[in-house]
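A.B. asks: Give me a model of this one.
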Amino acid sequence: MRLITAHRILIGAAVAFFLFSAGRTLHSFLGGGGPWALVQSIVSAGIAIGLVAYYRTLGRWGRP
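C.D. replies: Presented below is the predicted three-dimensional model:
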(Lines give C-alpha, C1' and ligand atoms only; values in the text may rest on other atoms or scores of the structure.)
Protein backbone atom coordinates (compact mmCIF):
# COMPACT_ATOMS: atom_id res chain seq x y z
CA MET A 1 0.00 0.00 0.00
CA ARG A 2 1.31 3.41 -0.91
CA LEU A 3 1.30 6.22 1.60
CA ILE A 4 -1.17 8.30 -0.44
CA THR A 5 -3.68 5.42 -0.30
CA ALA A 6 -3.50 5.30 3.48
CA HIS A 7 -3.84 9.08 3.57
CA ARG A 8 -6.99 8.92 1.43
CA ILE A 9 -8.49 6.29 3.73
CA LEU A 10 -7.82 8.43 6.80
CA ILE A 11 -9.25 11.57 5.20
CA GLY A 12 -12.36 9.61 4.18
CA ALA A 13 -12.76 8.38 7.76
CA ALA A 14 -12.39 11.94 9.05
CA VAL A 15 -15.10 13.15 6.66
CA ALA A 16 -17.43 10.40 7.86
CA PHE A 17 -16.69 11.26 11.50
CA PHE A 18 -17.37 14.98 11.08
CA LEU A 19 -20.59 14.33 9.15
CA PHE A 20 -21.73 11.99 11.93
CA SER A 21 -20.76 14.58 14.54
CA ALA A 22 -22.67 17.32 12.69
CA GLY A 23 -25.77 15.16 12.47
CA ARG A 24 -25.59 14.10 16.10
CA THR A 25 -25.20 17.64 17.44
CA LEU A 26 -27.95 18.91 15.12
CA HIS A 27 -30.21 16.21 16.52
CA SER A 28 -29.24 17.35 20.02
CA PHE A 29 -30.06 20.96 19.12
CA LEU A 30 -33.45 20.02 17.70
CA GLY A 31 -34.18 18.01 20.85
CA GLY A 32 -33.88 21.07 23.05
CA GLY A 33 -30.12 21.55 23.26
CA GLY A 34 -28.66 24.99 23.61
CA PRO A 35 -27.48 27.22 20.78
CA TRP A 36 -23.93 25.93 21.14
CA ALA A 37 -25.08 22.58 19.77
CA LEU A 38 -26.12 24.35 16.57
CA VAL A 39 -22.80 26.16 16.40
CA GLN A 40 -20.90 22.91 16.89
CA SER A 41 -23.00 21.24 14.20
CA ILE A 42 -22.25 24.03 11.71
CA VAL A 43 -18.54 23.93 12.50
CA SER A 44 -18.43 20.13 12.10
CA ALA A 45 -20.21 20.37 8.75
CA GLY A 46 -17.78 23.08 7.64
CA ILE A 47 -14.79 20.94 8.55
CA ALA A 48 -16.29 18.02 6.63
CA ILE A 49 -16.75 20.23 3.56
CA GLY A 50 -13.16 21.44 3.85
CA LEU A 51 -11.89 17.88 4.08
CA VAL A 52 -13.91 16.87 1.01
CA ALA A 53 -12.36 19.77 -0.90
CA TYR A 54 -8.92 18.64 0.25
CA TYR A 55 -9.68 15.02 -0.68
CA ARG A 56 -10.53 16.09 -4.22
CA THR A 57 -7.04 17.62 -4.62
CA LEU A 58 -5.39 14.30 -3.74
CA GLY A 59 -6.02 12.98 -7.26
CA ARG A 60 -3.23 15.22 -8.55
CA TRP A 61 -0.63 13.89 -6.11
CA GLY A 62 2.05 11.58 -7.41
CA ARG A 63 1.69 12.64 -11.02
CA PRO A 64 4.54 14.28 -12.92
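A.B. asks: so where do the helices sit in the chain?
C.D. replies: In the chain, the segments counted as helices under DSSP state H are 3-30, 35-57.
A.B. asks: Give me the angle between the shortest one and helix 3-30.
C.D. replies: In other words, helix 35-57. 160 degrees (axes from the mean of the first three to the mean of the last three CA atoms, to 10 degrees).
A.B. asks: neighbouring contacts of helix 35-57?
C.D. replies: Helix 35-57 has contacts (CB atoms under 8 Å, 6 or more residues apart in numbering) with 8, 11-12, 14-15, 18-19, 21-23, 25-26, 28-29. Any C-beta I mention is one placed from the backbone N, CA and C, and that applies to glycine too.
A.B. asks: now stretch 2-19
C.D. replies: Residues from elsewhere that reach stretch 2-19, judged by CB under 8 Å, 6+ apart: 44-45, 47-48, 51-52, 54-55, 58, 61-62.
A.B. asks: quick one: buried residues of it?
C.D. replies: Across stretch 2-19, burial judged by 16 or more other CB atoms under 10 Å covers 14-15, 18-19.
A.B. asks: Go through those residues and name the one nearest Gly34.
C.D. replies: Among those, Phe18 lies closest to Gly34 (CB to CB), at 20.5 Å.
A.B. asks: Excluding chain neighbours, what is closest to that closest one?
C.D. replies: Distances taken as CB to CB, 6 or more residues apart in numbering put Ala48 closest to Phe18, at 3.9 Å, once the chain neighbours are dropped.
A.B. asks: got a pLDDT number for that neighbour?
C.D. replies: Reported pLDDT at Ala48 in the predicted model: 98.
A.B. asks: Likewise for the one 3 residues further on?
C.D. replies: What the model reports for Leu51 is a pLDDT of 97.
A.B. asks: mind checking how far it is from Gly59?
C.D. replies: Separation of Leu51 from Gly59 (CB to CB, to the nearest Å): 15 Å.
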